[in-house]
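**Q** starting from these lines, generate the structure:
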Amino acid sequence: AEAAADAIASSTTKMPYNIPLNGWKVIFQAFLTTLNVVCWLVPLRSKKISDNKLALSLANAFSGGVFLSLAFGHLIPECVHGFQGISTVFNDVTPYLLVLSGYLLIFFVEKVAFDAHEILHEMEHAQDHHHKHQPMDSSSGTTSTSSTMTTSENGDSPKATNNNGATSGRSALILLGALAVHSILEMVALGLADTFSDSAILTLSIALHQPAESIALLVAFLKSGMPKGQIIRFLSIFSAMGPIGVALGMAVNEFAAPIVDSIMVAIVAGTFVYVGATEVIPEEWEDSEHKWKKFFALMSGIVSILMITQYTMTLG
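**A** Just a heads-up that it's a prediction; the model follows:
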């Protein structure tokens, strides 16, 4: 007991500025939540969305490498180590099956239950189709008004326009639900972190990944035609998912048995594998433009985080 107390005391003194680890988690989460809000609020106010698409793409590719490196180089070995002391209760395959269950959980949410990426693609195609007809109505000065006047001559098109808007609104809400679950699972990892270095690395990886999600969700809501005030309310709900995830992870880390911590780490590792391998990589290489730059960013994310995690493991 005394050795454990000494270990806790020594780990506390090693914290920068003598701030406890949970205090740093709150600070990191406040930073991530602020970044999340800025990433959708500034483009919403300025009406300039994702001006530098290459920078966003490279940051997303880098974050994909970070998530893969964190999963295979840190989280999976950590959860396997956590299960080793209780091998009489659980099979040796259990931690890997839990990682797979985490992967399948986020796969089910994003591909089966909601199909979030297909919704985004459909809305993008609809917007591209809308822009193709925009020059025909440029003389009127207002695209939406001219479109309504043109369709009113057909008699039944106004109803189709309203249905399309309602469908876009439902699609945006479905996308919000999928990304909210996604955000909670990512933030749980931050709450589960046992060291300052782990918290800092996870914060970096999430900070690189979140802007793309926030902007994609903003674009979906703008395409739905919702009023700006309603869009802000829905996106604020999305931003609130981060603190919920961190609080859940911190509660598990503080009050639950160590095996629960290991189970959660394994599930989060599976979601990280999904984000890196199934979400980021196919999304970024769907367009072959700048593929070598994206590959370099991906490998940089993998190598840099692997080196950092291995270094921090040698320290402690």
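**Q** flag the shaky bits of this structure, pLDDT-wise.
**A** In the predicted model, the chain carries pLDDT under 70 at residues 1-14, 47-52, 85-89, 115-169, 311-316.
**Q** now do the helices in the stretch 101-250 of the chain.
**A** Under the criterion DSSP state H, counting those that start in this stretch, the stretch 101-250 of the chain contains helices at 116-132, 143-152, 157-192, 196-224, 228-255.
**Q** how distant is the following helix or strand past the last one from the center of its chain?
**A** Downstream of helix 228-255, the next assigned helix or strand under DSSP states H and E is helix 258-273. Taking C-alpha atoms, centre = their mean, to the nearest Å, the mean C-alpha location of helix 258-273 is offset from the chain mean by 16 Å.
**Q** surely L175 meets L217?
**A** Yes: L175 lies in contact with L217 (C-beta atoms under 8 Å); the separation is 6.2 Å. The C-beta positions use only the backbone N, C-alpha and C, and glycine is treated the same way.
**Q** contacts only, for A266.
**A** By C-beta atoms under 8 Å, 6 or more residues apart in numbering, the contact set of A266 is L75, I76, C79, P95, L98, V99, S101, G102.
**Q** let's see that with 7 Å instead.
**A** A266 sits next to C79, P95, L98, V99, G102 when contact means C-beta atoms under 7 Å, 6 or more residues apart in numbering.
**Q** go on, F238?
**A** Applying C-beta under 7 Å, 6+ apart, the residues contacting F238 are L176, L179, A180, S183, L217.
**Q** that one and A30: what is the separation?
**A** 16 Å (C-beta to C-beta, to the nearest Å).
**Q** kindly report the same for D198.
**A** According to C-beta to C-beta, D198 and A30 sit 18 Å apart.
**Q** which of these two has more neighbours?
**A** More crowded of D198 and A30, by other C-beta atoms under 10 Å: D198, with 21 against 13.
**Q** my guess is G270 contacts Y96, does it?
**A** No: with contact defined as C-beta atoms under 7 Å, G270 does not count as touching Y96 (9.5 Å).
**Q** looking at these two, which one has more neighbours?
**A** Per other C-beta under 10 Å, whichever of G270 and Y96 has more neighbours is G270, with 27 against 17.
**Q** how about the nearest residue to that one, chain neighbours excluded?
**A** Spatial nearest neighbour of G270, excluding adjacent residues (C-beta to C-beta, 6 or more residues apart in numbering): G102 at 2.4 Å.
**Q** and that neighbour, what does it touch?
**A** Contacts of G102 (C-beta under 7 Å, 6+ apart): A266, I267, V268, A269, G270, T271.
**Q** relative to V265, how far out is it?
**A** 9 Å.
**Q** one more: A251?
**A** A251 sits 14 Å away from V265 when distances are taken as C-beta to C-beta.
**Q** okay, the two: which has more neighbours?
**A** V265 (30 against 12).
**Q** now the more buried one: closest residue in space, sequence neighbours ignored.
**A** Distances taken as C-beta to C-beta, 6+ apart put C79 closest to V265, at 4.4 Å, once the chain neighbours are dropped.
**Q** isn't that neighbour right up against Y96?
**A** No: between C79 and Y96 there is no contact under C-beta under 7 Å: 9.0 Å.
**Q** now do the shared contacts for these two.
**A** Counting by C-beta under 7 Å, 6+ apart, C79 and Y96 have no common neighbour.
**Q** follow-up on the earlier one: okay, and the residue nearest to V265 sits in which element?
**A** Per DSSP H and E: helix 76-84 holds C79.
**Q** neighbours of V275, just the number please.
**A** Neighbours of V275 under the rule other C-beta under 10 Å: 28.
**Q** no no, T33
**A** T33 is flanked by 18 other residues according to other C-beta under 10 Å.
**Q** for F90, see how far away it is.
**A** Distance from T33 to F90, by C-beta to C-beta: 36 Å.
**Q** please apply the same query to F31.
**A** According to C-beta to C-beta, F31 stands 36 Å off from F90.
**Q** mind checking how far the residue nearest to T309 when sequence neighbours are not counted is from T94?
**A** Distance criterion C-beta to C-beta, 6+ apart; nearest residue to T309, sequence neighbours excluded, is H74 at 4.5 Å. Going from H74 to T94 by C-beta to C-beta gives 19 Å.
**Q** and for V80?
**A** Noted for V80: a distance of 9 Å to T94, by C-beta to C-beta.
**Q** and the nearest residue to E213 once chain neighbours are set aside, how many neighbours?
**A** With C-beta to C-beta, 6+ apart as the criterion, E213 has its nearest non-adjacent residue at 5.6 Å, and that residue is L179. L179 is flanked by 22 other residues according to other C-beta under 10 Å.
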